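Trainee: sequence and predicted structure are below.
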Amino acid sequence: MIDDLNDKVTTAVSAVSGGIWSTREGIMFAGNADRIEEELKDIKEEQNEKVQSRSNIGGKLPNSKNQA
């Protein structure tokens, strides 16, 4: 059994990113089962923010051809 929290988190991240576990299973394994719904909500919000910031980058860059 894994006792160290860092080892648990590392194992969970590896299993989730490798497609072995779902995000929910990874959170439960890492020891956050009591806050799982809140954690999943936070993860979705962070992912949405990343997607929005990536899509906004192109629109916010100045167009050098139009500058005098």
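Mentor: Everything's here; your move. Numbering: from 1, shown residues only.

Trainee: what helix or strand is the residue nearest the centre of the chain located in?
Mentor: In the chain, the residue lying closest to the centroid (C-alpha atoms, centre = their mean) is residue 43, at 5.1 Å. Taking DSSP states H and E as the criterion, residue 43 maps to helix 36-60.

Trainee: helices or strands next to that helix in the packing?
Mentor: Using 3 or more C-beta pairs under 8 Å, 6 or more residues apart in numbering; DSSP states H and E as the contact definition, the elements that helix 36-60 packs against are helix 23-30. In this view, the C-beta of every residue, glycine as well, is placed from N, C-alpha and C.

Trainee: pLDDT value on residue 56, please?
Mentor: Model confidence at residue 56, given as pLDDT, is 79.

Trainee: the helix holding residue 43 versus helix 23-30: what angle between them?
Mentor: Angle between the axes of helix 36-60 and helix 23-30 is 120 degrees (criterion: axes from the mean of the first three to the mean of the last three C-alpha atoms, to 10 degrees).

Trainee: how far off centre is helix 36-60?
Mentor: In this view, helix 36-60 has its centroid 9 Å away from the chain centroid, taken as C-alpha atoms, centre = their mean, to the nearest Å.

Trainee: sort out which residues of that helix are buried, please.
Mentor: Residues of helix 36-60 classed as buried under the neighbour-count rule (16 or more other C-beta atoms under 10 Å) are residue 39.

Trainee: so what touches that helix?
Mentor: Taking contacts as C-beta atoms under 8 Å, 6 or more residues apart in numbering, the residues outside helix 36-60 that touch it are 23, 24, 27, 28, 32.

Trainee: I'd say the first one and residue 17 touch.
Mentor: No: under the criterion of C-beta atoms under 8 Å, residue 23 lies out of contact with residue 17, with a separation of 10.0 Å.

Trainee: higher neighbour count, these two?
Mentor: Each of residue 23 and residue 17 had its neighbours counted (other C-beta atoms under 10 Å), and the higher figure belongs to residue 23 (15 against 11).

Trainee: which residues touch that one?
Mentor: By C-beta under 8 Å, 6+ apart, the residues touching residue 23 are 16, 40, 43.
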